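Here is a sequence together with a model predicted from it:
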Amino acid sequence: MAPITQIMYFKTSSSYLQDPARLISELATTSSADKIEGLSKAYLGFETEDPSNAFWVFGKSSLRHTTPNCVELLAEWTSKSAHDTYHQTDTFKATQAAARQVFASRPTHTFAGFSDASQIFSAPVTEFVTFTLKRGVSMDALQPLVEQLQAKLQGTPKFYGSSWAPVVDKPNVVHGVLGWESVQAHWDAVTLGPLKDIIDEVKKIADLWLVHAILTRYTV
């Protein structure tokens, strides 16, 4: 089964904003990340639009959110069932106590089957975007536009690649992650021309949400 990426999105605590490195270290130690089967890599960072929002991206060989003052956490798992099994372990329960120092709200969870996105998360800037179908619209109308967008992005200056996938258990939502040299490079690419034309078509049938984050690889 292909890896699944988990995205956790939540408000950050004041303690996390003041000293994220310390709390991340404590959380990683408590969670015994090396004992979580399949966990291979993690990326941590803050949203560029509002630096009080943060992202965590975790890589797993088996399973992988934004509003003001939120954190995004991404984890790759071998399957969603692997994620569910982990939630029954003592390690997970111990992690929750440490996590309360970091989270200022109950996290939301999103799962999507991205292809290998390491280059995207390692880019200077990562874009997170979702397309949510409007009422009465079929995914058959959106999917060709996503494919056109992905194809047209190839060769775009200062672009590091993209990956798109339906959100698990939300058949009306497509999630994308894209790597850029900078936030401005993204806006320069989509302000005019064929990319803008495709995005304008997407907006007719789906609601668009996006933010950017600067991520750093974290050794688990």
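Yep, that arrived.

Please, where are all the strands along the protein?
In the chain, the segments counted as strands under DSSP state E are 4-11, 39-47, 54-62, 70-77, 108-112, 125-133, 159-167, 170-180, 206-218.

Where does pLDDT dip in this structure?
Scanning the chain for pLDDT under 70 picks out 1-2, 21, 23-41, 58-80, 82-83, 86-87, 91-99, 219-220.

the longest helix in it is where?
Assignment by DSSP state H gives helix 139-153 as the longest helix of the chain.

what does that one rub up against?
131, 133, 159, 162, 164, 166, 171-172, 174, 176, 178, 189, 194-195, 198-199, 201-202, 205-206 (C-beta atoms under 8 Å, 6 or more residues apart in numbering). No exception for glycine: its C-beta is placed from N, CA and C like everyone else's.

10 Å instead, please
Identification of contacts with helix 139-153 by C-beta atoms under 10 Å, 6 or more residues apart in numbering yields 129, 131-134, 159, 161-166, 171-174, 176, 178, 189-190, 193-195, 197-199, 201-202, 204-206.

for stretch 190-204, same thing?
With C-beta under 10 Å, 6+ apart, stretch 190-204 has contacts from 129, 131, 134, 137, 141-142, 144-153, 156, 174, 186, 189, 208.

repeat that with 6 Å
Residues outside stretch 190-204 that contact it (C-beta atoms under 6 Å, 6 or more residues apart in numbering) are 131, 145, 148-149, 152, 189.

May I ask which of these has the most neighbours?
Using other C-beta atoms under 10 Å as the neighbour criterion, residue 131 leads the contacts of stretch 190-204 with 26 neighbours.

and the closest residue to it other than its chain neighbours, how many neighbours?
Of all residues not flanking residue 131 in the chain, residue 206 sits nearest, at 4.1 Å (C-beta to C-beta, 6 or more residues apart in numbering). Residues lying near residue 206 (other C-beta under 10 Å) number 22.

ok, now the one 5 residues further on?
As a burial measure, residue 211 scores 21 neighbours (other C-beta under 10 Å).

for the one 5 residues further on, same thing?
Neighbour count of residue 216, defined by other C-beta under 10 Å: 12.

Let me know which of the strands of the chain is tucked in deepest.
Ranked by mean neighbour count under mean count of other C-beta atoms under 10 Å, those are led by strand 70-77, which reaches a mean of 27.

Tell me the bridge partners for residue 43.
Beta-bridge partners recorded for residue 43 (DSSP bridges): residue 57, residue 217.

check contacts around it.
Neighbours of residue 43 in contact, by C-beta under 6 Å, 6+ apart: 57, 121, 215, 217.

What's the separation between the second one and residue 170?
To residue 170, residue 121 is 22 Å away according to C-beta to C-beta, to the nearest Å.

now do the first one
Noted for residue 57: a distance of 20 Å to residue 170, by C-beta to C-beta.

excluding its backbone neighbours, what's nearest residue 175?
Spatial nearest neighbour of residue 175, excluding adjacent residues (C-beta to C-beta, 6+ apart): residue 112 at 4.5 Å.
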